[in-house]
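J.: Based on what follows, work out the 3D shape:
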Amino acid sequence: MSNENSNENTNDKNIIMDNETEIPKQFIIPNKIHDDFLDAFLEEDDEIEEENYEKPPLLKYERIGSFNIQKEENDQELSQTISCLKLTNNSYIIGTHQGKIYNLPFDKIVEFKSQFSYESTLIDICLDSTCRYIGACFRDGTVIVFDSLNDQATKFDFDDQITCLAIHPNFKPKGGSCVCGTKTGKIIYREKKFFSRSKILYSGNGEIISLTWKSNYIVWSNQEGIFVFDIETENPLGKVPPLSGSFPSLNNYRCNFKWISSDSFIVGWANVIIQIQITKQRTVKWKSLPPFNFIICGIGFHDNDYLVFTMEHLKSRLTDEKIGKILKTIQNFHEKKEKKQEEIEEEIKKEEIFEYLQNQFNLIPDVRIITQKGEEILKETISIKGYEVCSHIDFRMETQCMDWEIDRGCQTQSKLYVFTSPFQFVRATEADADDKVTWLVERLRYQDAFDVALENSGRLKRNNPTKLGENLLRHLLASKNKFKIQSAALQCPKVCGENPLMWEKWISQFFENQQFQEISPYIPIQNPRLKQEIYEMILNSFLENDNLDLFYQTINKWPKNIYNPRAIILIILDKQKKINSLDERLALPLADLYIEIKEYDKALKIHFYLKKLDVFEMIELYNIFDSVSHKISELIKLDATKTIQLLVLNTDKIAPSIVVPQLSNNKQLLYQYLLDLSDRNPKSIQDYHVNLMKLIFEFDPKNLLNFFKGSNYVPLEIAYEFCQKNSLYNESVYILKRMGQNLDALILMLDKLKNINKAIKFVMKENDNELMTRLINYCRSSNPNFFTPLLKSVVHSQFQITKLLQRIPQGVEIPKLGEALKFLLLEYQSKVKLKNLATEVIIRDCAGLMFSLNSRMRMGMVIQKDRICPICSGKIVQSDDVVLFFCGHTFHKSCLREKTSNQPFCTECAVKQKSDND
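T.: Next up, the predicted model:
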């Protein structure tokens, strides 16, 4: 990604900086090599495309600028370049290659003054746990510890060339100690006492790359790995070897330490991240993430993830073809300087090709967020001055949450980070909502800016969500793009909210752009409610532009009280005249508007014309039965079943006297109407039961008898005459029985129906001697076999068997008489036996109830001593409670409890009863 497209939000701040300062000549690589290298490196395949859509930056970058040129007393200008940097809670501590140390508060710079001169290059600086004492080591072996509260300093001299330094976490000027790593691979411990003494804690192969001191633990690294040393016991605790998959030649990469607590820390070294834990057993445990394809220049925390300052490694980007181009360019350059090719090949070994190229040609550095599982979730590029001529070893990163904060119980990592190159340092803080909005607006991403503003509306200080929304709407409407205009309409509810003036303003803007159809679905109808003219203007616009579908959808969705219905009626009628037809999309809204102004006849006329079945729901909903009471034939044409159902359920609103004449020409519907009404409310059609009787006979004669049984409104004489006329004998029998003409009913059953069983049941039920005589005569004259079922049925009736037998004439031969008599005797015997059993049960129940009553009568009643006489208000019982029995004997409750068991009884009556028994 190019410098111009880097996703940083920077503000130039000239505290000690000068952006026009030139890069020192010793850092410059000839342009020919650099440009040819970039041509080869950036020659990407077509498949690799730069991602155009960037996320807002996680951090806000404040580019401080190039380091200032300091003037000495002789007015000679010397370029100052940064060699190292540390952070306190309120300032930067910066050391330069020229031997200077600066304390840079956020608002000014103060140079430390000391009796020492610092002519040697400053290699490293470190802080104690309180940030009061600042240690600095120089290339010539000098170590100086400054007191930031005064001008006092403690000096240590070492014979070896120092590469890194750490002072005691609780450093004191008298007896203070420090530890240094050297170029020769030694760790030297030094105490400041009367006689300063040195102690070599470790000696190995290769220079010491990095060093840190926390509590009792000293940690350092070299090409053999990472070592942990306990200074209290002066014993090594363990070693973490170089990991497989890491870059070769670890001496070329700085090892970056970051303490998590007093016994655990993380390491970012080359292309690996390692977490190391010192256990209670004084052992070292560690775990690492898989190697990455970038170089780690610094490491810290962001919430629960790792924040790393990185540079992409060429190995992950260069193909063999591109490497060949770069080598050829280098060779050509050196040949111009008359350097032999053999010397070049000796200088650039094959296995170190990437390290060589990495040191000669560098990409712009990045900030990445890496999860504890090793997943990269964010990458942001930092444009820092001089990156193209700097090696990864020249970049550093520090965070504000320092070791001294951990000592004081710091549980959360501060969101302040500083990234440095030799020529510039960049301050980074967590980007707030305002920063993200500003970043998006600068890139004309108004939609994203508005979304971020809405999500963080309560935290914005410099941006107004409403103004951002209006900018978004202007941008989208100005594009004249259909999809962007639709998006603008979609955003209007968010932008305008409940402000009616804002809505009216932007609706006008849409109308000016002839895009009223896009805004209509989003126009509010409540909270806020706009002026009636706005809604009427929109509906009128739909009709003027022949957009009948949108008109129909909108007017059905909007409530009728937000505009003037009469005004819309006039608009619709005018449109109908122009198109000279009754379009359903106009007719239905017109009918609804007529209903709104209570002109129901006009609304019904439209529904009848359109043959819409929802007219039935409309009639019930608006209670317009009077308007349809004389238009039943019209309703039947729409749906006969729904019409009958409507009429039956609403007889109080449309009386049968109105309906029946209108249905007289359609007997089937009249029959259905009267029948349903008879089932629901027979009294409502009592004047039409004779009509219903005739209709039932015509359409469902089998149901006529049930009708007679359920109706009390048909005159019996008319019903009997109708049944006789139509030979309806069963119905005639029922009517004769209701008229009390039982003999005629029996004759009809015997003569016409020939149903002896029905006749026998009828006679037994009535228990009438005249009917029985008529039945016996019929059996004797018609068929003596009928006597057998007659004799069997008499058992279950109230008719006496002897009377029946006496009425049978002598000499009549009755088939199966013996079988019938046997059946009579058995049935009679069963009745007698059942009666005796019932008598025994009754006697037993009576005896039990009498015994229970006697027992209850013998039970006493306790009269408590606190009972008061209602008349004299004196105590009825003076001392103990008294028990009174129905026999009249009285006892003290306590005496009776001693004499009797759980069931108290009258002892006097018991003695008397015993003597009587004896």
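J.: tell me the mean pLDDT over stretch 693-707?
T.: Taken as a whole, stretch 693-707 has a mean pLDDT of 88.
J.: got the contact list for that stretch?
T.: Stretch 693-707 is contacted from outside by 667-668, 670-671, 674-675, 678, 692, 708, 711, 714, 719, 722, 726, 728, 730-731, 734, using Cβ atoms under 8 Å, 6 or more residues apart in numbering. Every residue, glycine included, has its C-beta placed from N, CA and C.
J.: Among those residues, the buried ones, what's the PyMOL command?
T.: Typed into PyMOL, the next command selects the buried ones out of those (criterion: 16 or more other Cβ atoms under 10 Å):
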select buried, resi 670+671+674+675+678+692+708+711+714+719+722+728+730+731+734
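J.: Mind checking which of the contacts of stretch 693-707 land in helices?
T.: Mapping the contacts of stretch 693-707 onto helices (DSSP state H) picks out 667-668, 670-671, 674-675, 678, 692, 708, 719, 722, 730-731, 734.
J.: tell me what the longest helix anywhere in the chain is packed against?
T.: Within the chain, and with DSSP H defining each element, the longest helix by residue count is helix 817-858. With contacts defined as 3 or more Cβ pairs under 8 Å, 6 or more residues apart in numbering; DSSP states H and E, the packing partners of helix 817-858 are helix 787-794.
J.: one more time with 10 Å, if that's ok
T.: helix 787-794, helix 801-807 (3 or more Cβ pairs under 10 Å, 6 or more residues apart in numbering; DSSP states H and E).
J.: do you know how far the closest residue to Gln161 other than its chain neighbours is from Leu85?
T.: Spatially, and ignoring its direct neighbours in sequence, Gln161 is nearest to Lys183 (4.2 Å; Cβ to Cβ, 6 or more residues apart in numbering). For Lys183, the distance to Leu85 (Cβ to Cβ, to the nearest Å) stands at 22 Å.
J.: Those two: which is more packed in?
T.: Shown here are Lys183 and Leu85; by other Cβ atoms under 10 Å, Leu85 has more neighbours (19 against 14).
J.: Tell me who's in contact with the more buried one.
T.: Leu85 makes contact with 92-95, 102, 104, 125, 396-398, 418-420, 425, according to Cβ atoms under 10 Å, 6 or more residues apart in numbering.
J.: Let's see that with 8 Å instead.
T.: Tyr92, Ile93, Ile94, Gly95, Ile125, Arg396, Glu398, Val418, Thr420, Phe425.
J.: One more: Thr466?
T.: Counting by Cβ under 8 Å, 6+ apart, Thr466 has contacts Val495, Gly497, Met502.
J.: Next up, the contacts around the second one.
T.: This means Gly497. Applying Cβ under 8 Å, 6+ apart, the residues near Gly497 are Thr466.
J.: The following helix or strand past the longest helix of the chain: partners in the sheet, and parallel or antiparallel?
T.: From helix 817-858 onward toward the C-terminus, using DSSP states H and E, the following helix or strand is strand 861-863. Strand pairing for strand 861-863, determined by DSSP bridges: strand 882-884 (antiparallel).
J.: picking up where we left off before, the longest helix of the chain - what's its average pLDDT?
T.: On average, helix 817-858 scores 80.
J.: which of the helices and strands packed on helix 817-858 has the lowest average pLDDT?
T.: helix 801-807 (a mean of 62).
J.: what's the distance between Ser288 and Cys255?
T.: Distance from Ser288 to Cys255, by Cβ to Cβ: 13 Å.
J.: what do you get for Lys737?
T.: For Lys737, the distance to Cys255 - Cβ to Cβ - is 118 Å.
J.: For these two, indicate the residue with more neighbours.
T.: Applying other Cβ under 10 Å to Lys737 and Cys255 shows that Cys255 carries more neighbours, namely 23 against 15.
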